[in-house]
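**Q** Build me a structure from this.
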Amino acid sequence: MFTSVLMIEKALTSADVEFVTTLHGNEPVSFQVLLQPRGDQADRLLRAIDDIALGELDEAAREGETPEGDEAKSEGQRALEVSLTALHAAGSEAAGRLVEDHPLDALKSLVDEVGADEVIVLTDPHYVEEFFHRDWASRARHKVGVPVLKLFSHSKA
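**A** You can find the predicted model right below:
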């Protein structure tokens, strides 16, 4: 069985589930899901810039209303449960956990722990971070020791 560590930042949509579960054809895949809830207020500016770059001005204006930190953990737990349920419904084995601190350290530990074959980073576009190679996928490529695939979420959750 092929083992993928799937790093996400929000609940998977049905299109996302279909996409990741069909990447390897008919080969059975086990997913280990890491979900990082929204960061602190320092992340708001980057998210607002990304929203503006995508032409989503209304979203940029609402960034201040998005739960952060501890408040975001309960939303993150629900998003993780929704994602795991969707993966199970698609016929995949899946387990997961929230990441609270140092997401790349948690990713590296999980890859080593489960003997992962690959890492899939599935997020919305983060233009500022990607431009400077500070996004999860770019940084993970130098840390985890397995192939890292960067995918964009198909739609908003």
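**Q** and the residue lying closest to Leu12 once chain neighbours are set aside, what is it in contact with?
**A** In space, and not counting its chain neighbours, Leu12 is closest to Ser83: 4.2 Å by C-beta to C-beta, 6 or more residues apart in numbering. Any C-beta I mention is one placed from the backbone N, CA and C, and that applies to glycine too. Neighbour list for Ser83: Ile8, Ala11, Leu12, Val17, Val33, Leu35, Ala94, Gly96 [criterion: C-beta atoms under 8 Å, 6 or more residues apart in numbering].
**Q** List the buried residues of the helix or strand containing Ser83.
**A** Using DSSP states H and E, Ser83 maps to helix 69-89. Residues Ala72, Gly76, Ala79, Leu80, Ser83, Leu84, Ala86, Leu87 are the ones in helix 69-89 that count as buried (16 or more other C-beta atoms under 10 Å).
**Q** Pretty sure the last one sits against Phe19.
**A** When you say that, I think you mean Leu87. No: under the criterion of C-beta atoms under 8 Å, Leu87 makes no contact with Phe19, lying 11.7 Å away.
**Q** Pairing partners for Met7 in the sheet, please.
**A** Per DSSP bridges, the residues bridged to Met7 are Leu34, Val121.
**Q** Tell me, how many residues neighbour it?
**A** 26 (other C-beta atoms under 10 Å).
**Q** now Glu9
**A** 22.
**Q** quick revisit: can you name the two of the buried residues of helix 69-89 that sit furthest apart?
**A** The span of these, defined through C-beta to C-beta, is set by Ala72 and Leu87 at 21.7 Å.
**Q** Run through the neighbouring helices and strands of whichever strand or helix holds Val20.
**A** Val20 belongs to helix 14-21 when assigned by DSSP H and E. The contact analysis (3 or more C-beta pairs under 8 Å, 6 or more residues apart in numbering; DSSP states H and E) places helix 14-21 against helix 69-89, strand 118-123.
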